[in-house]
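Engineer: Here is the input, now give the coordinates:
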Amino acid sequence: MLKKNINKDISNLRKNKNYTYRPVSPGLERVLYNQIKVLDKGFIRVVDYMGNDSSIVQAARVSYGKGTKKKSLDEGLIRYLLRHKHTTPFEMCEIKLHVKLPIFIARQWIRHRTANINEYSARYSILEDEFYIPKTANLAKQSSTNKQGRSQELDSNLAKKIIKILKEDSERNYNNYLWMLNEEEYKDYNSSREGLSRELARINLTLNTYTQWYWKVDLHNFMHFLSLRADSHSQLEIRAYAVILMDLLKKWVPITYKAFCSYKLNSADLSQEALEVIKKMIKGKKVKRENTSLSKREWDELILLIN
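Structural biologist: Residues are numbered from 1 along each chain as shown. I've put the predicted structure just below:
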């Protein structure tokens, strides 16, 4: 029922075209309201946004109209702002997203506390019986070098058994959730017994149950989120959302997107000691870790970076 209502709302919204004097982003206008699929049952859709690349330039110059007529000068200013960490002009742009995601990913996502969030209420409503079930190829054993990461893919037979367990546990817990609620629309409703409150019954649901929320964030914090969650070290499932968000960033503010890739996503932060090592290497000197103050981990990361 919820899915049908969302699709109907999207259809109605896209039928209504409004004239505006505000700066718009042609790229985002083309995908506005549409659901973009993520994982097996999740999605992201742009509900609203404010500003574009020109808005950043205007904010930086505190000017009116289009500001500089030459696009190259606007691009140079945006790159300068991002390179020198002048973040305020980027905070003038905002985006509002409707996101459907598994609860365990939502708990990672919400660690970024610089956004406004309104989540589907399981105290007020009954959650749908939708669960994230990973592909067998994405089931991997625990990493021996990273306590919060995975390593090699599991044996296919073991992976199939784990998928079976995940499905059975999700369905069993959800059925028990409905039994505890004992509401009239439940097929096994029993009028002779009382039901548990929704706010308590929900605690039985598994973390792979899908939830939904509206997430509104300014461009500066949006890029900070992506710098962490689009990184190869982040969990695969939240990275799947970050990949879609990266594409939305590109559609929304293409000039800023290029600068973000240059100075944030595909760049590196170096300590003073690491920079000294690189300077010596550039001069042709051979440097051993034992002769530096770098830890083994930082040394390994530096060597991996420059090779």
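Engineer: name the element the residue positioned nearest the centre of the chain belongs to?
Structural biologist: In the chain, the residue lying closest to the centroid (CA atoms, centre = their mean) is A242, at 4.2 Å. Using DSSP states H and E, A242 falls within helix 236-252.
Engineer: after that helix comes which helix or strand?
Structural biologist: Next along the chain after helix 236-252, with elements defined by DSSP H and E, is helix 254-260.
Engineer: and that following helix, how far from the chain's centre?
Structural biologist: How far helix 254-260 lies from its chain's middle: 18 Å, per CA atoms, centre = their mean, to the nearest Å.
Engineer: got the buried residues for whichever helix or strand comes after it?
Structural biologist: For helix 254-260, the following helix or strand on the C-terminal side (DSSP H and E) is helix 272-282. Neighbour counts over helix 272-282 (16 or more other CB atoms under 10 Å) mark 274, 277 as buried. All C-beta spots, glycine's among them, are computed from the backbone N, C-alpha and C.
Engineer: so how far is the helix or strand that helix 272-282 is followed by off the chain centroid?
Structural biologist: As assigned by DSSP H and E, the chain's next helix or strand after helix 272-282 is helix 296-306. Distance, stretch centre to chain centre, for helix 296-306: 27 Å (CA atoms, centre = their mean).
Engineer: Could I get the average pLDDT for helix 296-306?
Structural biologist: Here helix 296-306 scores 90 as its mean pLDDT.
Engineer: residues making contact with it?
Structural biologist: 268, 270-271, 273-274, 277-278, 281, 289, 292, 294 (CB atoms under 8 Å, 6 or more residues apart in numbering).
Engineer: between it and helix 272-282, how many degrees?
Structural biologist: Between helix 296-306 and helix 272-282, the angle comes out at 50 degrees (axes from the mean of the first three to the mean of the last three CA atoms, to 10 degrees).
Engineer: Would you indicate which residues of helix 296-306 are buried?
Structural biologist: 298-299, 302.
Engineer: Can I get those in CSV including distance to P89?
Structural biologist: Below are those laid out as CSV (distance: CB to CB, whole Å):
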residue, distance to P89
E298, 33
W299, 37
L302, 33
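Engineer: Looking at the protein, which residue reaches furthest from the middle?
Structural biologist: Largest centroid distance in the chain under CA atoms, centre = their mean is S192 at 45.4 Å.
Engineer: what's the distance between it and N182?
Structural biologist: Distance, S192 to N182, using CB to CB, to the nearest Å: 10 Å.
Engineer: and L13, that's in a helix?
Structural biologist: Yes: under DSSP: H, G, I helix; E, B strand; the rest coil, L13 sits within a helix.
Engineer: Residues contacting stretch 74-83, please?
Structural biologist: By CB under 8 Å, 6+ apart, stretch 74-83 touches 53-54, 56-57, 60-61, 67-68, 86-87, 89-90, 255-256, 258-260, 262-264.
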